[in-house]
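Asker: Provide a 3D model corresponding to the input given below.
(2 chains)
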Amino acid sequence: MSESLIFEKGSVGRRASNMPSMDVPTEEMDSLLPAEFLRSEPASLPEVSEIEVVRHYTHLAQRNFGVDTGFYPLGSCTMKYNPKVNEDMAALPGFAHIHPLQPASSVQGAIQLIYELEQYLAEISGMARVTLQPSAGAHGELTGLMLIKAYHQQQNQGHRNLVLIPDNAHGTNPASATLADYKAVEIQTEPSTGGIEMEHLKQLLAEHGAEVAAIMLTNPNTLGLFDANIAEIGRMIHSVGGQLYYDGANANAVMGITRPGDMGFDVVHFNLHKTASTPHGGGGPGAGPIGVKEHLVSFLPGPLPAKNEHGEYYWQEQGEESIGKVRANLGNFGVLVRAYAYFRANGPDGLRHVSESAILNANYLRHGLSEDYEIAFPLINQHEFVATARRQKEESGVTATDIAKRLLDFGMYAPTVYFPLIVPEAMMIEPTETETRESLDNFISVMKRIAEEARTDAEIVKTAPHTTVVGRLDQALAARKPNLRWTPGQEQTH
Amino acid sequence: MSYVPNTPEEQQAMLESLGLSSIEELLEPVPSEVRLNRALDLPEALPEPDLKRVMSRMAAKNKHLDAMISFLGAGTYDRSVPSVVSHLQRRSEFVTSYTPYQPEVSQGMLQAIYEFQTMVCQITDMDIANASLYDGSTAMVEAVLMALGPGGRGEVLISAAVDPQYRQVLQTYAFARGFTIKEVPVQDGVTSQADLRAMVQPTTAAVIIQQPNFFGCVEDMKAIEPIVHQGKKTAFVSVITEPASLSVLATPGMYNADIAVGELMSFGNPMAYGAPALGFMATKQKYMRLLPGRLVGQTIEEGGEQRTGYVLTLQTREQHIRRERATSNICTNQSLLAVGATIYLAAIGKQGFRDLGELCVQKAHYAYRQITAIPGFEPAFQRPFFDEFVIKCPVSLSKLEQRLEQEGILGGYNLGESYPGMDNYMLVCVTETRSKEEIDLLVSVLREVQA
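Answerer: So this is what the prediction gives:
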């Protein structure tokens, strides 16, 4: 069954909610605002009662799968459990209902939270200072590259225009480089270790070293592998005058074990909606704080939180070197409250236990799947790994997409498929630390069953899913004849 | 407090099944040279009850708007939100899901976003809208990047009456991307049309005007539009930070804006110290393939019954496909807030949306009449306004703010903070949430200060 749209429900004159009463003396609207400034027709919003609103969005929620519904092994997305206490803390009126332009004296708790969270992130990453302003990972990347640009300009190195990015990187990395007016240059992956091809890097630096602004790395990388050459890479980049940018998408693997700052990175972003358990909300909001080494602090966006000798918190404007604000207001505060709660709940030992457990769970899954599926790099992995459907595709034409769709029939979400781009038929699997052993065992047995189906009854995999509210949808039609909004009289189908 | 479910014994058994004896063996790929050989220097773990106590105390150090009477807007608006909104928005199937990559199990979020895209079109009278952007300021930047095109070079004009924070953000991006910005001066509270006319060049990529502008004044968008479109390739970008204004004021579609962007956080979402916010972008059909961010489209099943369903579409525009050739790097957006705005607009509905605008207009104008009747408190501009207006005050604003605070009132925004020479000018905001009694209290305190 399809669920009709909210616009197709209700009837003329219905409404769910009342507005506050009109308790002031009124005047004619057209005496207050000139007629030519006014809207001609009311917006054709829904006319529905409260019970209809409640049932409609309850039905939509029921048609959606979240971490609370079941196992969500979406690689590189760190779909860990989102603690409920964090939601309660973010909903406290003292956090949820404060205005960004209130005087600092009236929001001491909020600034304190930001001040302390900054310090926690600086310690976890091994950086001198952090800004919580960027709204998400990609926003953090861009902010970080802006800092590097500002730094190089100050050093009379403004001509540096290349950003080196591994061929297995997230798409946001090259897109951010372009937005910061850099040229992205791809570095190859070494086929046996999954790390950076050092010869290729050496060659690039020998030829273009003076033009290199930065290298953007994820470590462990998107293959789930820790690049053991990281310290050497850092020395090489620094020796030609470049900066090291750490994409923190995979920071769930390193807490308390190693720190980007100690690996040699100059800038790091965190995805608090991954590492710090804040919910993904169906695509957002996130938070993408960045940390920097001392030489980049003066370039950070302002204002930054500060504390005076009386223990009072305030916002300190940045000096002239600052790149300036990267968004209005002070960062995704509601997300930051949840992240703060997470770090306080876990403490230092707890965070290390998180990363170690994430690594253990991922290796346990890799081991469990390795009989039935080809593993792209059969090495000890960190928090995630890349399995492939190469064998299934060769033997029976079953692809990574088919396997992903079939998994949905067993009440679990699918891995990230066809990423990283360098691995054909990739299935990138990240279980996170918050899954029980039974949940992992269940996933392994379902994956074994699907491998068996691929051998004996491939059609059931190729036509999956069979149990979801809709079957496979026509993506080509959606792109060829885009229907991006409802219009009155529109038929349900094309 | 740990959210790791497996016990140490279970973890040991798991390790043994891998032929290992300790976790340390799994950390071998991390060279000792880069290891952190000490515990992180962080506060010790708190059990949940202690965590709640600590954080509730922090929250209690903040004066929140339920305990104050706020006349502060300036880009962030206090809204009366129906109870149904948070109850539905907080359904954990919405909250704990990722970007809907697997549409068959994400129909709820996809359909909600499709409804959001539709509602944004309905309130702006534009053809199409995307699934959300970080906030109003970055949505405005995305509009500029869209207008500039792949090279990212060119000149952009922005009215000095656009929110100062938005202008700062644009400046930051201009530095990184390499485009240039010129500010169009303000005359008597609105963008100077004469200056704008002189500044628009055939090569101008975009002109950005805020409606109502930062001073609360309604811009004459119908008169501005032909000036902007003097430039044949110039995009007219309309910025809306107070979305309730769309209820009564002429819409971007009516005044032929090319791109409408702005902030919808106040529709159903907590203020949360200003963010997470909800940037939106709507545009004309012909710019569809230039839109940044996620788009949800309606389609049908490939086979079987050909039932209706929803998918992320036109993804070849986006960074995960186009990589360095993408015009935006946005990945994570503000979906959950879009769901909140959708439920809010469904709940207040067609009539409620109309009422919302009228309440804002009537209450703000009542406050304006009462305040400007006090000797010494003068209107800064004689312009039509929606729910914000500027008052020139006879006393220093810092003194005034303190006095208001004693009465539990959060005063308006001090324009001196962003506009030189406007030190005693207060931007007063009166939304539907303020009662007559509260407005009268403000007026009585102002009168007493004057006396």
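Asker: outline the domain layout of the chain.
Answerer: Just going to use chain A. A:86-345, A:347-469 (automatic domain parsing).
Asker: should've been chain B
Answerer: According to automatic domain parsing, the domains of chain B span B:69-78+B:349-450, B:83-344.
Asker: okay, and the helix or strand of chain B with the least pLDDT?
Answerer: When each helix and strand of chain B is scored by mean pLDDT, DSSP states H and E, helix B:319-322 comes last, with a mean of 83.
Asker: can you name the residue of the stretch 101-250 of chain B nearest chain A?
Answerer: In the stretch 101-250 of chain B, the residue that lies nearest chain A is B:Gly108 (3.2 Å; C-beta to the nearest C-beta). The way it works is simple: take the backbone N, C-alpha and C, and place the C-beta from them, glycine included.
Asker: I figured that residue hits A:Thr58, correct?
Answerer: No: taking C-beta atoms under 8 Å as the definition, B:Gly108 is not a contact partner of A:Thr58, at 9.5 Å.
Asker: more neighbours: these two, which one.
Answerer: Comparing B:Gly108 with A:Thr58 by neighbour count (other C-beta atoms under 10 Å in any protein chain shown), the higher total belongs to B:Gly108, at 28 against 15.
Asker: quick revisit: ranking the domains of chain B by burial, who's on top?
Answerer: Most buried of these by mean neighbour count (mean count of other C-beta atoms under 10 Å in any protein chain shown) is domain B:83-344; its value is a mean of 23.
Asker: can you list contacts of stretch B:408-423?
Answerer: When contacts are defined by C-beta atoms under 8 Å, 6 or more residues apart in numbering or on different chains, stretch B:408-423 is touched by residues A:99, A:101-102, A:106, B:63, B:65, B:67-74, B:164, B:215, B:380, B:390-391, B:396-398, B:400-401, B:404-405, B:424-429, B:441-442, B:445.
Asker: same question for stretch B:316-330.
Answerer: A:136, A:138-139, A:141-142, A:170-172, A:174-179, A:183-184, A:419, A:479, B:133-134, B:142, B:145-146, B:149-150, B:289-294, B:315, B:331.
Asker: ok, now stretch B:31-49?
Answerer: A:85, A:120, A:123-124, A:126, A:228, A:230-231, A:255-259, A:262-264, A:343-352, B:1-2, B:54.
Asker: for PyMOL, what selects the buried ones among the residues you listed?
Answerer: Here is the PyMOL command that selects the buried residues among the contacts of stretch B:31-49 (16 or more other C-beta atoms under 10 Å in any protein chain shown):
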select buried, (chain A and resi 85+120+123+124+126+228+230+255+256+257+258+259+262+263+264+343+344+345+346+347+348+350+351+352) or (chain B and resi 1+54)
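Asker: let's see which of the contacts of stretch B:408-423 end up in strands.
Answerer: Within the contacts of stretch B:408-423, residues falling in strands by DSSP state E are B:69-70, B:390-391, B:425-429.
Asker: pretty sure B:Glu438 sits against B:Met68.
Answerer: No: look at B:Glu438 against B:Met68 with C-beta under 8 Å: they stay out of range, at 10.1 Å.
Asker: just the ones in strands among the contacts of stretch B:408-423 that are near chain A?
Answerer: Among the ones in strands among the contacts of stretch B:408-423, the residues within reach of chain A (C-beta under 8 Å from any C-beta of the partner chain) are B:Ser70.
Asker: same list, the ones in strands among the contacts of stretch B:408-423, but as CSV with distance to A:Ile380 and pLDDT please.
Answerer: Shown next, in CSV, are the ones in strands among the contacts of stretch B:408-423 (distance: C-beta to C-beta, whole Å; pLDDT from 0 to 100):
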residue, distance to A:Ile380, pLDDT
B:Ile69, 60, 98
B:Ser70, 56, 98
B:Val390, 64, 98
B:Ile391, 67, 98
B:Tyr425, 64, 98
B:Met426, 63, 98
B:Leu427, 59, 98
B:Val428, 63, 98
B:Cys429, 58, 98
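Asker: out of the ones in strands among the contacts of stretch B:408-423, which is nearest to chain A?
Answerer: For the ones in strands among the contacts of stretch B:408-423, the nearest to chain A is B:Ser70 (6.5 Å; C-beta to the nearest C-beta).
Asker: thanks again, I'm all set now.
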